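Chemist: how would this look folded up:
(2 chains)
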Protein chains: 2
Amino acid sequence: MTDTWVEGAAGSLFDVDNLPWGVFSRGGEDPRVGVRIGDLVLDVAPVAAAEMLDVHHVFEERSLNPLMAEGRQVRASLRTWLTGLLTDETERDLVEPHLVPLADVTLHLPVEVADYVDFYASLDHASNVGRIFRPDAEALLPNWRHLPVGYHGRAGTVVASGTGVVRPQGQRKAPSDQQPTYGPSTRLDIEAELGFVVGSPSVQGDRVSVASFADHVFGLVGLNDWSARDIQAWEYVPLGPFLGKSFATSVSHWVTPLEALDAAWVDLPGQDPTPLPYLAEGGPRGLDIDIEVELNGTVVSRPPYRSMYWSPAQMLAHLTVNGASLRTGDLFASGTVSGPERDQRGSFLELSWGGSEPFDGGRTFLEDGDTVTLRYTAPGTAGGRIALGEVTGTVVPAR
Amino acid sequence: MTDTWVEGAAGSLFDVDNLPWGVFSRGGEDPRVGVRIGDLVLDVAPVAAAEMLDVHHVFEERSLNPLMAEGRQVRASLRTWLTGLLTDETERDLVEPHLVPLADVTLHLPVEVADYVDFYASLDHASNVGRIFRPDAEALLPNWRHLPVGYHGRAGTVVASGTGVVRPQGQRKAPSDQQPTYGPSTRLDIEAELGFVVGSPSVQGDRVSVASFADHVFGLVGLNDWSARDIQAWEYVPLGPFLGKSFATSVSHWVTPLEALDAAWVDLPGQDPTPLPYLAEGGPRGLDIDIEVELNGTVVSRPPYRSMYWSPAQMLAHLTVNGASLRTGDLFASGTVSGPERDQRGSFLELSWGGSEPFDGGRTFLEDGDTVTLRYTAPGTAGGRIALGEVTGTVVPAR
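Modeler: Residues are numbered from 1 along each chain as shown, chains lettered A, B, ... in the order given. Predicted coordinates:
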C-alpha cells in the first residue's frame, strides 16, 4: 500500500486502509457524509462534485442510507477512488481544503435504522446467562446450537455514541417480592456487541444465502445494547425482552466498510452439531476483532469477537430464511460478546455474576453518572491494526 | 348529523361518520391521500388546494405519515372540513369531480411503518395458548395480569391487505423429533388483531400517560399477524417470537381516525389485580368492535374486541414507560383477539385446539391458496354502524 499524504494518519488506527463512513456537520450546516482519515474528516460531497462522480448526490444526505443503497460495487469503487485521493500527492491540492479536524465537527447517527434485530450468538454469554438465571438446569436451551437465536428490538431508540442514556423506569418483581413494584431500574447494564448494517435490500419471500453476505452488508458499527435486567427478568416470558431493552441502543458514529476487514476473517471456533444446510453453505467465518469495555476510564473487560459461535453471515441467512425482506438501513447485532475468561465478559450481569460477585472494586450494575465506552480494533489490510467506531454513553438519572 | 349528498353513502358502513384515510393511485399516477365515502374515494389534494388549506401538501404524499404528523387538532379540523364538504349541497360542484369509484383505483400500504410492536392483550387468547402449550401448568404466566405483555415485530414486512403471503420456510422441531428439520411451515396460522397507528411523536426519556392516548394515536387498522406455529414453537425461548412472525403482517388499506370511534368506547371487562398507577390513571377503556374471520368465503369465527383485558391506552403507556420514544408511523397491535366462546377464537391454533380438533369441516392450519379476510365493524357516531378497514390475504406456496 502507498502511504497517505494526510499528516498524522499513516500508521494510526485510522490509516488509509480503514476509511470508515460517517455523518457530520459544521456550525449550523446540514449534516452530510464524511470519511475519517487520521483525526480528520473528509467532506466528500465537494470533492465528488468536483470530480463529477455519478453518485455525488449521496454525500449531501444526512444519513448513509442513500450511499449504502448504491450497493457493493459502488462501495468498492468509492473505496478505490478515496484511496487514490488520499495517497496520490497530485490530488492533495484538490482534497486538502476539504479535510476538517474532528474537533471542529459534530458527528451524528450515521444510519437511518430500518429494522433492528439483536442476536445471542456468543456461546460463553448464553451459557453464563443460563447458569445465572437457571442454575439448576442445562445452561443452554435446546435450540441454541441449532440456530442463531434472535429477536427484534426498537429501531426508533437507536442513538448515536455520546447520547446520554436516561435510566429507565418500569415494572419489576424479584422472585422474593410478593407484588411487582414501579421505579427506576436498579440493575442497569451494558451489552458489548458488534452491529452489522445492511446496504442492499432483498425481496420479500426470497432468502439471502450465507454466501451472499457481502452483497447485502455495507459495514460494521460498535454497539451497546443497554439493558435493564430487573425489568427484563419480569417481562420476558413468553414473548422475549421488550422494555428492558427498548429505551436506548447506542451505536458508533463511524461505519467501517466490510472491505476494511478483509484481513480480519478467521475460522469460527467450531460448531457442533453441524448446522442445517441453509446455515452452512459458503463456509461461515468469524471476525478477529478485539473489544475493550471501559468504565469511567478503566478497562474492565476485553471480549474477543473471534470467540463467537455463530457467524454474521449465518445470522443474516437465518434472519431471511423465512422470506423476511431486508431494507437499506437494517441493523443486526451479534448479541453480547463474551469470551471464556472472567475478564472477557461483555456485560455487568456476567462480570458481577448476577450481582453476587462485585468487580472492579465493588461494582455490580451501572450507577448514575457512569460512562461506558466500547472500543474495537482489528487487523487492517496493510499489516497494522484499524479501529472500528467506538461507542460511548453516560447514564443520566431517571426522569 | 346532516345526511351526505354522496349517492349510496348514507346509511352504509362508510357513511359520513366514518371517513377513513388511505393512499390510492389511478393509472400510472403517483399514490396520494384519499378518504373513503360509500364506495368512492375522495381525491383530497385538489380540493384542499382549491380551498387553500395550509396543509394541502400532505395530501400529495405517498403515505399518511406527513398528515398524521400534523397532530390531533389538525386531524379534528380536517374531519370537520370533510364533513362539511360531503354534507353541504353547495360544495357538491367543487367536490364531486374528485370522487373516484373504488373500482377505478389501486389502494396502497397507507402508513410508512416506523416500529411495530405486538401485544398479547386478550385474556382468552393468552389462556388458550397457555393451556395448549403447557397443559400441566397455570394457563397464565405470573406477569400477565400485571402488565400488557408485548414484543417488537418486523416493520419492514408489514404489507397492505391483498398482498399474497408466501408460506415461510424454516427450522422446526416437534418434541417427538430427534433433530430439527428444514422446510415449509406446516402450521401456518392467522392472528385476528386490531392495530393502532401513532401520529404524534414523543421524546426519548419521556413517558406517554394513559390519558394522553388520543394526543398520540391517529387511528386504527385491521391487522392479521400471520404466524408459523412450528417455527415459532422451536425458536421462541428465551428471546420470543422471531421468524415465526417476521415473514409478513397484513394491515388494512384504510386507517379509521380515532374520532370515528367516539361511540365505540366501553368499559373493560375488569382488571384484577388493579394495575400499577402508571397503567390506571385516566380510566382505561375498551372498544366495542366486532370482528369476523372469513376463510375462503365462510365466517369461521367472530372475535369480540370488547372482551380484551388490556386497553389500547394501557398498551401505549406501557410501551413508553421506560422512556422509549414514539415516532410518526409507529404501529402497535392488540395481539390475537379471542372471546370466551369457541366460535370467538382469533387464531386457527385455538380454533383447532393446537391441531387436535379440526374445525369448519376438517380444517386445522392454513393450506396453500387459502384466503383469509378479517372484517371489523363498530357503532358509529350517527347511531348506525361503521366498518373499519378489512384485511385480506391469500397463502402462496413456499418458494
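Chemist: Give the buried residues for stretch A:32-46.
Modeler: A:32-38, A:40-46 (16 or more other Cβ atoms under 10 Å in any protein chain shown). Bear in mind the C-beta positions are built from the backbone N, C-alpha and C, glycine included.
Chemist: Poorly predicted segments of chain A, please.
Modeler: A:1 (pLDDT under 70).
Chemist: Quick check: the residue of it nearest chain B.
Modeler: residue A:240 (2.1 Å; Cβ to the nearest Cβ).
Chemist: Please identify the helix or strand for that residue.
Modeler: Counting by DSSP states H and E, there is no helix or strand that carries residue A:240.
Chemist: these two touch, right, it and residue B:150?
Modeler: No: taking contacts as Cβ atoms under 8 Å, residue A:240 lies outside contact range of residue B:150: 9.7 Å.
Chemist: ok, so of the buried residues of stretch A:32-46, who is nearest residue A:64?
Modeler: residue A:33 (6.4 Å; Cβ to Cβ).
Chemist: Pull the contacting residues for that closest one.
Modeler: By Cβ atoms under 8 Å, 6 or more residues apart in numbering or on different chains, the residues touching residue A:33 are A:21-23, A:44-45, A:58-61, A:64, A:67.
Chemist: Tell me the buried residues in stretch A:262-278?
Modeler: For stretch A:262-278, by 16+ other Cβ under 10 Å, it's A:263-264, A:268, A:271, A:275-276, A:278.
Chemist: Run through who's touching it.
Modeler: With Cβ under 8 Å, 6+ apart as the contact definition, stretch A:262-278 has outside contacts at A:123, A:145-147, A:207, A:209-210, A:280, A:284-289, A:306-311, A:314, A:317-318, A:321, A:378-381, B:171, B:179-182.
Chemist: PyMOL command for the buried members of these?
Modeler: Only the buried entries of those go into this PyMOL selection, using 16+ other Cβ under 10 Å:
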select buried, (chain A and resi 123+146+147+207+209+210+284+285+286+287+288+289+306+307+308+309+310+311+314+317+318+321+378+379+380+381) or (chain B and resi 171+180)
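Chemist: In helices only, show me the contacts of stretch A:262-278.
Modeler: Counting by DSSP state H, the part of the contacts of stretch A:262-278 found in helices is A:123, A:280, A:314, A:317-318.
Chemist: any idea how far residue A:180 is from the residue of chain A closest to chain B?
Modeler: 18 Å (Cβ to Cβ, to the nearest Å).
Chemist: Next: residue A:12.
Modeler: 51 Å.
Chemist: List the buried residues for stretch A:88-99?
Modeler: So for stretch A:88-99, counting by 16+ other Cβ under 10 Å, buried means A:95, A:98-99.
Chemist: In strands only, show me the residues you listed.
Modeler: Among those, DSSP state E puts residue A:99 in strands.
Chemist: So which of the buried residues of stretch A:88-99 would count as near chain B as well?
Modeler: When the buried residues of stretch A:88-99 are checked against chain B using Cβ under 8 Å from any Cβ of the partner chain, none falls in range.
Chemist: Closest one of the buried residues of stretch A:88-99 to residue B:87?
Modeler: residue A:98 (60.6 Å).
Chemist: nearest spatial neighbour of the spatially most central residue of chain A, skipping sequence neighbours?
Modeler: Centroid-nearest residue in chain A, with Cα atoms, centre = their mean: residue A:195, separated by 2.7 Å. Residue nearest to residue A:195 in three dimensions, not counting chain neighbours: residue A:223, with 3.8 Å by Cβ to Cβ, 6 or more residues apart in numbering or on different chains.
Chemist: Which neighbours in the sheet does whatever helix or strand the one you found lives in have, and how are they oriented?
Modeler: Using DSSP H and E, residue A:223 sits in strand A:217-224. Strand A:217-224 pairs in its sheet with strand A:192-198 (antiparallel), strand A:249-251 (antiparallel), strand A:256-257 (antiparallel), by DSSP bridges.
Chemist: Ok, which of those strands comes nearest residue B:186?
Modeler: Across the strands paired with strand A:217-224, closest to residue B:186 is strand A:192-198 (Cβ to Cβ), at 30.0 Å.
Chemist: Buried residues of that closest one, list them for me.
Modeler: Quick answer for strand A:192-198 (16+ other Cβ under 10 Å): A:192-198.
Chemist: same thing with stretch A:334-344?
Modeler: Neighbour counts over stretch A:334-344 (16+ other Cβ under 10 Å) mark A:334-339, A:344 as buried.
Chemist: tell me how far the ends of it are from each other?
Modeler: 16 Å (Cα to Cα, to the nearest Å).
Chemist: now, the most widely separated pair of the buried residues of strand A:192-198?
Modeler: Pairwise over the buried residues of strand A:192-198, using Cβ to Cβ, the maximum falls at A:192 and A:198, 21.5 Å.
Chemist: Residue A:375 belongs to a strand, doesn't it?
Modeler: Yes: counting by DSSP: H, G, I helix; E, B strand; the rest coil, residue A:375 is located in a strand.
Chemist: so it bridges to which residues?
Modeler: residue A:292.
Chemist: and it, how many neighbours does it have?
Modeler: Counted with other Cβ atoms under 10 Å in any protein chain shown, the neighbours of residue A:375 add up to 21.
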